[in-house]
Every structure is written in C-alpha cells, then in structure tokens.
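Q: Just the structure for this:
(one chain, ligands or ions: 1)
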Amino acid sequence: MIEPMILVVEDEPGIVDFVERGLRIQGFEVTSATDGASGLARALQEDVELVVLDMMLPKLAGAEVLSRLHAQRPDLPVIVLTARGELEDRIAGLDAGAVDYMVKPFSVAELAARVRAQLRTRSQESAQLRAGNLAIELVNRRVLIRDEPVRLSTTEFDLLLFLVQNRPQVLTRSQILRGVWGYEHDPETNIVEVYIGYLRRKLGAPNGRSPIVTVRSVGYRFDEERI
Ligand code: CA
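A: Now for the predicted structure:
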C-alpha cells in the first residue's frame, strides 16, 4: 500500500527533522524542501497529497508559495506553520487558501491528526458528487436529497449519475442508451423514457418540479437549480 506523500517546506533543519520523523512514525511518506521556490516547484510537479508550509522561508515567502499553490493546484491541502500564531498571518493564510494552522511550537502528534483529518475530508469530497440538494456517493453508490437517502435500482443510479455528470448539457436518447446501457444501436424500445419516469418519481420535488428536464425532440438534461 502506498502511503500519502506529505511535503514539508521549512528551512529550519531541526523542525524539518522533527516533523519528518514524527509523520513517518504516524505512517506517512514525507519529503521536504528547505526554501519556498523549491517547495513550490516540488508541490506542483510531484505527486504530493498535502503540504506543510512554513511562512518564514528563504527565496520565496510562505505567503507567496501559498497563493501560487492555491492558483495552480487549488485542491491541494496546505497546513501552514506560523511562528507566533499572529492573527494577521492566519487571516492572510486563510485568504490565500490554507486549510489549517499549526502554531510553533507544536506537537507532531497534533500535526499528524490535522493531516489525517484533511486527507479524510478530501477523499470524501472527491468521492461525492453534489448538484443542488442532491449528493451522489460514488463509492457506496448512495444518493441523498437534503441528506435523506433515496433508494435507487442499479440502472436508476447509473442513469442519474450519467445525467448529473453531464449537466447542464442536453443528452440525446442515443447518448443515454450508449452511456448507461452500452447500446451502440437504438434497440427501438422506450427503456430511456421508462427509466426517466422512475427517476422522476423517486427524485420528486415537493413543488412538483423535476430536476430532469425534457428538451422537446432533443433529449433530457439535469437542472440542479430544480432540486
Ligand atoms: Ca522558517
């Protein structure tokens, strides 16, 4: 099993050593960079899943690394290390996209717990697709509307996922047949209409509006404003 790779960007060798050893004990792979410029380059080029970033760095300041990372890899979580825990540093960091803070001196067990929490949040987010009040959990194939589970058959789930993933595009009947049922040729049945009907009933909005909109003589589209 490959452990998540954490990049530590810090110029003080004592802290790098302490963080590296501590995170390895907790089961992470750790790599480090000792200045802002090389830290940024490695975070952008390498397969890093989280960055622990000091604010006071040579060559490129932590705040600058943070804002460039946020612009270029907005999904990459960054935990910022601040020397004094100054409020201004924290606000600047939050604005620039940091997800959490550690104030020096800190315990490496606490840092590891925050790293784990961030990685967990990210993996749950990436495994979930949201559209309006609808959430589709991709791994366990669950659908929730306003956090209430909706029971769908396998085909209904696949059809809903196909519509949601392709929103707001209008999908033709033959695109749906290919994408959901794998049919290259139209089997001349009303299977699409039948399953659209099932889904509409199950997703039924209280105001009677359905998020699955019929576009006459073209096909269907999913409108997340309607759910
Ligand atoms: Ca430093």
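Q: Would you mind pulling the contact partners of stretch 192-207?
A: Residues from elsewhere that reach stretch 192-207, judged by C-beta atoms under 8 Å, 6 or more residues apart in numbering: 134, 145, 150-153, 155-156, 159-160, 173, 176-177, 180, 210-212, 214, 220, 226-227. Bear in mind the C-beta positions are built from the backbone N, C-alpha and C, glycine included.
Q: Could you rerun that using 7 Å?
A: Contacts with stretch 192-207, where a contact means C-beta atoms under 7 Å, 6 or more residues apart in numbering, come from 145, 150, 152, 155-156, 159-160, 173, 176-177, 210-212, 220, 226-227.
Q: Residues of this protein that sit close to the ion?
A: Neighbours of the ion within the chain, by C-beta under 5 Å from the ion: 11, 54, 56.
Q: Just name the closest of these to residue 33, please.
A: Relative to residue 33, the closest of the residues of the chain next to the ion is residue 11; by C-beta to C-beta it sits at 9.1 Å.
Q: So the closest one belongs to a helix, correct?
A: No - applying DSSP: H, G, I helix; E, B strand; the rest coil, one finds residue 11 to be coil, outside a helix.
Q: How many neighbouring residues does the closest residue to it other than its chain neighbours have?
A: Spatial nearest neighbour of residue 11, excluding adjacent residues (C-beta to C-beta, 6 or more residues apart in numbering): residue 34 at 5.0 Å. Residues near residue 34, counting by other C-beta atoms under 10 Å, number 17.
Q: quick one: residue 34 from residue 80, how far?
A: When distance is defined by C-beta to C-beta, to the nearest Å, residue 34 is 17 Å away from residue 80.
Q: I'd guess residue 199 is in a helix, am I close?
A: Yes - under three-state DSSP, residue 199 falls within a helix.
Q: Around it, how many other residues sit close by?
A: As a burial measure, residue 199 scores 25 neighbours (other C-beta under 10 Å).
Q: Could you do the one 3 residues further on as well?
A: Each residue near residue 202 was counted by other C-beta under 10 Å, and the total is 15.
Q: Show me what secondary structure element comes after the helix or strand harbouring it.
A: Using DSSP states H and E, residue 202 maps to helix 191-203. Sequence order places strand 212-215 as the next helix or strand after helix 191-203, per DSSP H and E.
Q: ok, and what's touching that next one?
A: Contacts with strand 212-215, where a contact means C-beta under 7 Å, 6+ apart, come from 163, 170, 196, 199, 200, 220, 221, 222, 223.
Q: What subset of the residues you listed is buried?
A: Neighbour-count burial (16 or more other C-beta atoms under 10 Å) applied to those gives 163, 196, 199, 220, 221, 222, 223.
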